[in-house]
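**Q** got a predicted structure plus its sequence, pasted below:
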Amino acid sequence: MAAAALVACADGSLTPAKRKAVAAILETMEPRGTVDPAAASNLFNSFANGIRSQPGLGRSAALRAVAAVAGDAEGAQRLLRICRAVSGAHGGVQSGAQDGPSARDSAVIEEIRAVLDVPAPKALDETFANRDGAPPGPFVITLGNEKGGTGKSTAAMHLAVALLKLGYKVGTIDLDGRQATLSRYLTNRRALAKTIHRDVPMPLHRRIERAEADRRQAAESEDKARFGEALVELADRQIVIVDTPGSDSYLSRLAHANADMLITPINDTLLDIDILAHIDPSKREVRAPSAYCQMVWKQNDRRRASGREPIDWIVMRNRLTHIDAHNKRAVADLLDQLAERLGFRLATGFGERVIFHELFLTGLTVLDLPDDRLRGWSNVSLSHARREIHDLLLAVGVPEMELARSIL
Ligand SMILES: Nc1ncnc2c1ncn2[C@@H]1O[C@H](COP(=O)(O)OP(=O)(O)OP(=O)(O)O)[C@@H](O)[C@H]1O
Ligand SMILES: [Mg+2]
């Protein structure tokens, strides 16, 4: 609450929007049993009043209280998440503007980060820039969402091919052994290469079937061993892309815990936001994080407890249409709100394009050089789709210069 007050009063005033954001955060946290909302609200008011009436003294009292959390990695991350949520309320969420945290808010958050001794998040560009060095292991990108049919396999395939074309050594793991969309897509691609007598870039691929043991514990250790083996086999890759099934499973949780980056594609409707958080339909406000979100947080906490970097979580809208602009705006506003609250970044995403749907059987992606099989597609649709992949790669952290040199 001391940290929330510091950010809320960063520019000397306490706007109703920021007050509302703090109240909403408390509501969101309540189901996790982490705070007593009434006591927390009183505490917040007392710190905020202190900062506003005697800025010097009030701020140092609040910073001292923040310092008490230093050393508790999980608590510190939660606290920084709250700070980002409060700073997102300086007008953006309420007005629909997308202007990000103010410079003062950011400065205060950095001050709090320093007091907590939490390092700034790893710049993803570094991972890509250092690819000729000796990275400790592949950078793992997991595609995850507990809802089926949101575009995980489509995005996984396009990311894999795009990164291969950029010259990275890419591995792929299909954890959806039963449906095996990614594996079948790659099989179709291999068949195509034979038919046209030409090499097409292929990742090193592993498909994992779910364990069949009757006892849960035995099945989980079998899943763990299979996933571990696949990671070892792909250890020489620079990037490993993991496609997960659209449901909760032990394998899927493992893939989330091992994700340096998590990309969650969601279909672009208010209903699909429910996979991230439960929303009050009349007020269009966040009620509580979803079971999936709590699972991501839990895996993230596990990573941090073992000294690993937190998951860089990207949510990507998929199948965007031009119809129903009002609904689209409402989804965008809610996602902005959620990004701050739940701790993810938003990527532009893919439009609703028949080309994404129909290329599956050919084994091609929108990034493959136009050949006979691509001639039937309009250049406009193709170039829009490529632009969308390009933007996703930028969000992932591929440097712009590299993309400019490529065919994307
Ligand atoms: N942007 C898009 N435009 C048109 N069709 C799309 C788009 N993205 C995905 N699709 C289609 O939607 C269907 C579901 O996509 P995909 O298989 O990638 O989802 P998924 O999340 O992997 O599903 P599951 O959870 O069942 O594994 C596929 O038929 C795919 O071709
Ligand atoms: Mg799939």
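**A** Perfect, I can see it now. Ligands and ions are numbered 1, 2, ... in the order given.

**Q** next helix or strand past the least confident helix or strand in the chain by mean pLDDT?
**A** Least confident helix or strand, the chain: helix 92-95 with a mean of 30, by mean pLDDT, DSSP states H and E. Counting by DSSP states H and E, the next helix or strand C-terminal to helix 92-95 is helix 103-116.

**Q** neighbouring contacts of that following helix?
**A** 3, 6-7, 10-11, 63, 66-67, 69-70, 76, 79-80, 83-84, 86-87, 90, 101, 120 (CB atoms under 8 Å, 6 or more residues apart in numbering). Just so you know, the C-beta spots here come from the backbone N, C-alpha and C atoms, and that holds for glycine as well.

**Q** PyMOL command for the buried members of the residues you listed?
**A** A single PyMOL command selects the buried members of the contacts of helix 103-116 (16 or more other CB atoms under 10 Å):
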select buried, resi 3+6+7+10+63+66+69+76+79+80+83+84+86+87+90+101
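
**Q** from the contacts of helix 103-116, which land in helices?
**A** The members of these that map onto helices under DSSP state H are 3, 6-7, 63, 66-67, 76, 79-80, 83-84, 86-87.

**Q** ligand 1: which of those residues is nearest?
**A** Checking those against ligand 1 by CB to the nearest ligand atom gives Arg84 as the nearest, at 27.8 Å.

**Q** write out the residues of the stretch 1-150 of the chain neighbouring ligand 1.
**A** Within reach of ligand 1 by CB under 6 Å from any ligand atom, the stretch 1-150 of the chain has these residues: 148-150.

**Q** just give me the closest of those to Gln54.
**A** Using CB to CB, Thr150 is the member of these that lies nearest Gln54, at 50.7 Å.

**Q** so what does that closest one have for phi and psi?
**A** Main-chain torsions, Thr150, degrees, to the nearest 10: phi -100, psi -10.

**Q** that one: neighbour count?
**A** Burial of Thr150, expressed as a neighbour count using other CB atoms under 10 Å, amounts to 24.

**Q** what sits closest to it if chain neighbours are left out?
**A** Once flanking residues are discounted, Thr150 sits nearest to Pro265: 4.7 Å by CB to CB, 6 or more residues apart in numbering.

**Q** host element of that neighbour?
**A** strand 261-267.

**Q** which strands or helices does that strand pack on?
**A** Applying 3 or more CB pairs under 8 Å, 6 or more residues apart in numbering; DSSP states H and E, we find strand 261-267 packed against strand 139-143, helix 152-165, strand 312-318.

**Q** before we move on, the earlier item: can I assume the residue nearest to Thr150 is in contact with Leu346?
**A** No. Using CB atoms under 8 Å, Pro265 is not in contact with Leu346, being 11.7 Å away.

**Q** can you list residues touching both of the two?
**A** 315-317.

**Q** export the residues of the stretch 1-150 of the chain next to ligand 1 as TSV, with columns for pLDDT.
**A** TSV is the format used below for these (pLDDT from 0 to 100):
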residue	pLDDT
Gly148	93
Gly149	94
Thr150	96
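
**Q** any chance of these in TSV, plus distance to Thr362?
**A** Output for those, formatted as TSV (distance: CB to CB, whole Å):
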residue	distance to Thr362
Gly148	23
Gly149	20
Thr150	22
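
**Q** which residue is the nearest non-sequential neighbour of Leu359?
**A** Leaving aside its chain neighbours, Leu359 sits nearest to Thr365 (6.2 Å; criterion: CB to CB, 6+ apart).

**Q** count of neighbours near that neighbour?
**A** 26.

**Q** just Lys283 next, same as before
**A** Neighbours of Lys283 (other CB under 10 Å): 9.

**Q** can you pull the residues of the protein lying near ligand 2?
**A** For the chain, the contact set with ligand 2 under CB under 5 Å from the ion comprises 152-153, 181.

**Q** what mean pLDDT does stretch 8-25 have?
**A** Averaging pLDDT along stretch 8-25 gives 79.

**Q** which parts of it are buried?
**A** Buried residues in stretch 8-25 (16+ other CB under 10 Å): 8-10, 14, 17-19, 21-22, 24-25.

**Q** ligand 2 versus Val118, what's the distance?
**A** 35 Å (CB to the ion, to the nearest Å).

**Q** pretty sure that residue contacts Ala76?
**A** Yes. At 5.1 Å, Val118 counts as touching Ala76 under the criterion of CB under 8 Å.

**Q** flag every buried residue along stretch 324-336.
**A** Those would be 328, 330-336, for stretch 324-336 by 16+ other CB under 10 Å.

**Q** could you look up the SS state of the residue of the stretch 101-250 of the chain found nearest ligand 1?
**A** Nearest residue of the stretch 101-250 of the chain to ligand 1 (CB to the nearest ligand atom) works out as Gly246 at 2.5 Å. Put simply, Gly246 is coil when judged by DSSP: H, G, I helix; E, B strand; the rest coil.

**Q** surely it touches Lys147?
**A** Yes. If you go by CB under 8 Å, Gly246 and Lys147 touch, sitting 5.6 Å apart.

**Q** can you pick the most crowded of the shared contacts of Pro265 and Leu346?
**A** Neighbour counts for those peak at Met316, which has 25 neighbours (criterion: other CB under 10 Å).
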